[in-house]
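Trainee: structure, please.
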Amino acid sequence: MSKGWKKRLQTDNEGFSLVELIIVIAIMAVLVGTVGTQVIPYLNNAKKARDIQILSAYATAGVVAYSEKVESVPLVDSMTVEIVPGNASTGDIYTCTDAQAVADEMKVLVAKDYLTDSSKPFKSKTYQNIDKIEVVFDFENAKVHVYAYEGSDEKSSEDDIGAIL
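Mentor: Numbers count the residues shown, from 1 in each chain. This is a model prediction of the structure:
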């Protein structure tokens, strides 16, 4: 090896230039922007699916509560349990004019779950501001339907959430 080549190897170890770093950062910014716009819709869909799963858990709790407290339910065509989601300190408020025992049993069943652990259990854009949930027992068709409301607007109209009674 010649003497000039060896000297060049030793002195040319200065790292990256500012231009090279800016080019790499620009390429990374383009990649993050492209990948981010592709991933965000999937994240929103996953959050909505989780919220629908939570509402389905209310339907399942309603079926179990009804089966355990069926003797206290009067003979009616339908029955509604209204739930006002709270937080861990205040708890959720469950009311039912026809059979409060079913509402109380639902509260016990749901309290065992993850639904009352945070003040805002719903994370998706569709369900994040839910302030009332109705669990409607349709005895004629043997079904339980769950409806979520933000104020007076029903948010669960496009999602058929429920269970078979």
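Trainee: going forward, measure contacts and count neighbours with C-alpha atoms only.
Mentor: OK.
Trainee: counting by contacts, list what the host helix or strand of R50 packs against.
Mentor: Here R50, judged by DSSP states H and E, is contained in helix 18-68. Packing contacts for helix 18-68, counted by 3 or more C-alpha pairs under 8 Å, 6 or more residues apart in numbering; DSSP states H and E, involve helix 100-111, strand 132-138, strand 143-150, strand 162-164.
Trainee: now with 7 Å, please.
Mentor: Applying 3 or more C-alpha pairs under 7 Å, 6 or more residues apart in numbering; DSSP states H and E, one finds that helix 18-68 contacts helix 100-111, strand 143-150, strand 162-164.
Trainee: any low-confidence regions in this protein?
Mentor: Residues of the chain meeting the criterion pLDDT under 70: 1-13, 87-91, 112-119.
Trainee: mind listing what the residue nearest in space to the middle of the chain touches?
Mentor: The centre of the chain sits closest to D51, judged by C-alpha atoms, centre = their mean, with a distance of 3.0 Å. For D51, the contacting residues are 122-124, 127, taking C-alpha atoms under 7 Å, 6 or more residues apart in numbering as the criterion.
Trainee: got a markdown table for those residues, with distance to V144 and neighbour count too?
Mentor: Output for those, formatted as a markdown table (distance: C-alpha to C-alpha, whole Å; neighbours: other C-alpha atoms under 10 Å):
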| residue | distance to V144 | neighbour count |
| --- | --- | --- |
| F122 | 21 | 20 |
| K123 | 24 | 16 |
| S124 | 23 | 18 |
| Y127 | 20 | 20 |
